[in-house]
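Novice: Could you work out the structure for the sequence below:
(one chain, ligands or ions: 1)
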Amino acid sequence: MDLDWILNHLGEERQRYFGAVVPPVLQSSIFTFPTVAAMREAALHEMDAPLYTRGNNPTVQILRRKLAALEGAEECLVFASGAAAIAAAVVACTGAGDHVVCVQKPYSWTRALLTDLLARFGVAHSFVDAVDTAQVEAALWPETRLIVLESPNSLTYELQDLEAIAALARRRGILTLCDNSHASPLNQSPLALGIDLVAHSATKYIGGHSDVVAGALCGTRALIERVFRGPFMTLGAVPSPHDAALLLRGLRTLKLRMQRIAETTPRVAAFLAAHARVARVWYPYQPDHPQRALVEKQLRAPSGLLSFTLKAADGAAIERFCNALRRFLLAVSWGGYESLVCPLVAFLPEGAPLQHKLGRAPPELIRLSIGLEDSDVLIADLEQALRASGAPA
Ligand SMILES: *Cc1c(COP(=O)(O)O)cnc(C)c1O
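Specialist: Okay, here's the model as predicted:
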């Protein structure tokens, strides 16, 4: 199945809806049946049959089929957010007395899921520097049930060797989950490397227009059924059919958007890396990246996230830089059509000392999400804001 077919046609049975080229938004909470036998049949197969929209909805179902195909998975569930997808996966795979190994610097709410929520229910966790597969192995307990990965990682984009970690986990009967939001389903296929479950914040590249919050989880039919019967149905964090329609629209241009940022982002990264006022750039696709071989092995193309620090980065210089930008908008999140800037100092009290914490991103870090603009426009904007920052050259 080729990519264009998946994005434009898979799952779209147009003859069932008057030949409409765009699938209908079936904004209905319930589905009716001609007979009790037909109703019983739907109730028996609630993951696949429309009965009640918390379980299955035909608009959402088209999206599930496309996302499963993009990840090379048997099945997919779509959630009300990426955080809900990750939480459902972890809850479905663990119980009291179990242990989870997680990358040191996961997405902040993945961290909070383990440290604040699941810890209260008797699920233990260890954070490890998973750049080194040996450290993952050393962190395993007899009670370890799940390894949570995020490659490339948030903010500083370290990679984990997905194939090596998946093989290690398989040997011990441990499940693996990889947050694949950064690469999008197009640029990395964790399931093909042996990972059991792939999660997405569909809010990011899959949606692509900053107008919907959603998540997805892909894996084998058996694992996804386990998630469906457990946290998916009980916690009920499902997307609305209208959200699914927005995501289907996002998928129409996913290939073009990813191609575009694969061209422009390396230019922006190279500009920053060569700039006199910039101290350091984090971008997995820099020619001198220490994990170059793994980047080439695991990733098909660059994504649009990069981070950097200013020279002698005091909080005031960072604020001057961000306030001076005109094309990059100041906002959280990423993956939309628009370029964004997100400085970590926005999450610290004003004037707070930039304290470095072990295993966390540097507090002076500034993240950029590259949108669909011309790289020349973005580079010119960065140039004038770098000058305005007053950071030493
Ligand atoms: C945004 C994000 C999430 C959470 O997704 P939401 O859709 O905001 O709930 C999870 N993982 C990563 C890497 C993210 O960037």
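Novice: Alongside the ligand, which residues does the stretch 151-300 of the chain contribute?
Specialist: Taking Cβ under 6 Å from any ligand atom as the contact definition, the stretch 151-300 of the chain meets the ligand at 154, 179, 181-182, 201, 203-204, 213, 215. Any C-beta I mention is one placed from the backbone N, CA and C, and that applies to glycine too.
Novice: Once you drop chain neighbours, what's closest to the residue of the stretch 201-350 of the chain found nearest the ligand?
Specialist: Relative to the ligand, the nearest point of the stretch 201-350 of the chain is residue 201 (3.0 Å; Cβ to the nearest ligand atom). Residue nearest to residue 201 in three dimensions, not counting chain neighbours: residue 82, with 2.7 Å by Cβ to Cβ, 6 or more residues apart in numbering.
Novice: the strands in the stretch 151-300 of the chain, which residues?
Specialist: Assigned by DSSP state E, counting those that start in this stretch, the stretch 151-300 of the chain shows strands spanning 175-179, 197-201, 215-219, 278-282.
Novice: Mean pLDDT and mean neighbour count added to those, as CSV?
Specialist: Output for the strands of the stretch 151-300 of the chain, formatted as CSV (pLDDT from 0 to 100; neighbours: other Cβ atoms under 10 Å):
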stretch, mean pLDDT, mean neighbour count
strand 175-179, 98, 26
strand 197-201, 98, 30
strand 215-219, 98, 28
strand 278-282, 97, 19
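Novice: Nearest approach to residue 383 belongs to which of these?
Specialist: In terms of Cβ to Cβ, the element of the strands of the stretch 151-300 of the chain nearest to residue 383 is strand 278-282, at 11.1 Å.
Novice: How about residues contacting stretch 45-54?
Specialist: The contact list for stretch 45-54 (Cβ atoms under 8 Å, 6 or more residues apart in numbering) reads 26, 28-31, 39, 41-43, 55-58, 60-61, 224-225, 228, 233, 236, 238, 241.
Novice: Could you rerun that using 6 Å?
Specialist: Contact partners of stretch 45-54, identified using Cβ atoms under 6 Å, 6 or more residues apart in numbering, comprise 29-31, 42-43, 55-56, 58, 228, 236, 238.
Novice: Give the buried subset of those residues as a PyMOL selection command.
Specialist: A single PyMOL command selects the buried members of the contacts of stretch 45-54 (16 or more other Cβ atoms under 10 Å):
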select buried, resi 31+42+55+56+58+228+238
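Novice: ok, is stretch 339-357 in contact with the ligand or not?
Specialist: No. Stretch 339-357 lies out of reach of the ligand by Cβ under 6 Å from any ligand atom, never closer than 10.8 Å.
Novice: before we move on, back to that, pretty sure the residue nearest to residue 201 sits against residue 198.
Specialist: No. The criterion here is Cβ atoms under 6 Å, and residue 82 misses it with residue 198 at 11.6 Å.
Novice: Run through the residues that contact the residue of the stretch 1-150 of the chain found nearest the ligand.
Specialist: Closest residue of the stretch 1-150 of the chain to the ligand, Cβ to the nearest ligand atom: residue 82 (2.4 Å). Going by Cβ under 6 Å, 6+ apart, residue 82 touches 201, 203, 215.
Novice: so the second one sits right up against residue 213, yeah?
Specialist: Which is residue 203. Yes. The criterion here is Cβ under 6 Å, and residue 203 meets it with residue 213 at 4.8 Å.
Novice: Between those two, which has more neighbouring residues?
Specialist: A direct count of neighbours by other Cβ atoms under 10 Å for residue 203 and residue 213 places residue 203 higher, at 25 against 18.
Novice: what's the burial count for residue 240?
Specialist: Number of residues near residue 240 (other Cβ under 10 Å) recorded here: 17.
Novice: Please apply the same query to the one 5 residues further on.
Specialist: The burial metric for residue 245, expressed as a neighbour count using other Cβ under 10 Å, is 22.
Novice: Skipping its backbone neighbours, what lies nearest it in space?
Specialist: Of all residues not flanking residue 245 in the chain, residue 25 sits nearest, at 4.5 Å (Cβ to Cβ, 6+ apart).
Novice: so who does the residue nearest to residue 151 when sequence neighbours are not counted touch?
Specialist: Setting aside the residues directly before and after it, residue 151 is nearest to residue 160 in space (Cβ to Cβ, 6+ apart), at 4.4 Å. Residue 160 makes contact with 130, 149, 151, according to Cβ under 6 Å, 6+ apart.
Novice: Any of those residues buried? List them.
Specialist: In those, burial by neighbour count holds for 130, 149, 151, counting by 16+ other Cβ under 10 Å.
Novice: so what's the last one scoring on pLDDT?
Specialist: It refers to residue 151. pLDDT recorded at residue 151 is 98.
Novice: Quick check: the gap between it and residue 36.
Specialist: 49 Å (Cβ to Cβ, to the nearest Å).
Novice: go on, the second one?
Specialist: Residue 149 is 46 Å from residue 36, where distance means Cβ to Cβ.
Novice: ok, now the first one?
Specialist: Distance, residue 130 to residue 36, by Cβ to Cβ: 52 Å.
Novice: Grab the longest helix from the chain for me.
Specialist: helix 254-273 (DSSP state H).
Novice: That helix packs against which elements?
Specialist: Applying 3 or more Cβ pairs under 6 Å, 6 or more residues apart in numbering; DSSP states H and E, one finds that helix 254-273 contacts strand 278-282, helix 375-389.
Novice: how about a cut-off of 8 Å?
Specialist: Applying 3 or more Cβ pairs under 8 Å, 6 or more residues apart in numbering; DSSP states H and E, one finds that helix 254-273 makes contact with helix 3-8, helix 184-187, strand 278-282, strand 305-310, helix 375-389.
Novice: roughly how far is that helix from the heart of the chain?
Specialist: 18 Å (Cα atoms, centre = their mean, to the nearest Å).
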